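1. sequence plus the predicted model coming up.
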Amino acid sequence: MDCLFCKIAAGEIPSAKVYEDEQVLAFKDIEPQAPFHVLIIPKEHIASAGEITPENSGIVAHIFEVAATLAKEHKLADGFRVVTNCGEQAGQTVQHLHFHMLAGRNLGWPPG
């Protein structure tokens, strides 16, 4: 499998890690859209939110627990956004489930 995020999770490609445990990795986005912009990925390959099943859905809850931990550690009391894109038309460019966590500026709606 030639998955960029699997290679990052395996340590084959360097990243600016902000959090890691046995299940997930969070690292700084290389093209940040906000002062705080990290990607939170499961280490297990799941191609997109469209592949969430009862067997693997627990990772999504864990990812949101990690987001809450990061918000506290990075003092994001003014708020943050967590978003995932599913499929090409939604803007998913890496076929590995990932969540963008953004903060540090006014994040209007709808997003651009």
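-> Good, I have the coordinates. Numbering: from 1, shown residues only.
2. list the contacts of the biggest helix by length in the chain.
-> Using DSSP state H, we find that the single longest helix of the chain is helix 58-73. Applying CB atoms under 8 Å, 6 or more residues apart in numbering, the contact partners of helix 58-73 are 18-19, 21, 23-24, 26, 38, 40, 42, 44, 46, 52, 76-77, 80, 82, 97, 99, 101, 103. (C-beta placed from N, C-alpha, C; glycine too.)
3. just the buried subset of those residues, written out for PyMOL, thanks.
-> Buried members of the contacts of helix 58-73, defined by 16 or more other CB atoms under 10 Å, are picked up in PyMOL with:
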select buried, resi 18+24+26+38+40+42+46+76+80+82+97+99+101+103
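4. show me where this protein has its strands.
-> Ranges of strands in the chain, per DSSP state E, are 17-20, 24-28, 36-42, 81-83, 99-103.
5. and of those strands, who's closest to residue 57?
-> Closest to residue 57 of those, according to CB to CB: strand 36-42, at 10.8 Å.
6. what helices or strands is that closest one leaning on?
-> helix 4-9, strand 17-20, strand 24-28, helix 58-73, strand 99-103 (3 or more CB pairs under 8 Å, 6 or more residues apart in numbering; DSSP states H and E).
7. for the closest residue to residue 19 other than its chain neighbours, what are its contacts?
-> Take residue 19 and drop its neighbours on the chain: the residue closest to it by CB to CB, 6 or more residues apart in numbering is residue 26, 3.9 Å away. Counting by CB under 8 Å, 6+ apart, residue 26 makes contact with 17-20, 38-41, 66, 70, 101.
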